[in-house]
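Novice: have a look; sequence and predicted model below, questions after that.
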Amino acid sequence: MKTILKVVILLFCITAFSQEQKVDYKQLNNALVKATYYFANNSAIVEREGFFNEEGKLQGTWISYDIQGNKTVIANYKDGKKDGVWTYFKKDKINIVTYKENIIINVEEKALVLN
């Protein structure tokens, strides 16, 4: 519990120096803290959200959004390292990058087809 509290305090200190960006932290269990970051110029719109493990490292799925609320990136972390599939959404394509312990394993680009 002390470790989680230290992580939350550390994250609060880091975000305190940002441009008045609102951040919410929610303790999910003894191992994960959910963080939700809001756009600095509009604290009602989510910019990105994801999880920290008990060591304060990025863990699991993180999702980033544009100001309209559209997903821009779906990322995956394991103990603070990029691990798994990352999906980057562009206007007319989707880039899919697979990582293993911060190393790029595969890159794909797919056309975005709208019906």
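Specialist: Here it is on my side, so go on.

Novice: can you give me the neighbour number for residue 70?
Specialist: Number of residues near residue 70 (other CB atoms under 10 Å) recorded here: 9. Any C-beta I mention is one placed from the backbone N, CA and C, and that applies to glycine too.

Novice: you'd agree it is up against residue 89?
Specialist: Yes - here residue 70 reaches residue 89: they are 7.1 Å apart, a contact under CB atoms under 8 Å.

Novice: pLDDT weak spots in the chain?
Specialist: 1-19, 114-115 (pLDDT under 70).

Novice: for it, what spans make up the helices?
Specialist: Per DSSP state H, the chain carries helices over the ranges 2-16.

Novice: most residues in a single strand of it, which one?
Specialist: For the chain, the strand with the greatest residue count under DSSP state E is strand 42-53.

Novice: grab the nearest non-local neighbour of residue 57.
Specialist: residue 80 (3.2 Å; CB to CB, 6 or more residues apart in numbering).

Novice: distance of that neighbour relative to residue 53?
Specialist: Taking CB to CB, to the nearest Å as the measure, residue 80 and residue 53 are separated by 8 Å.
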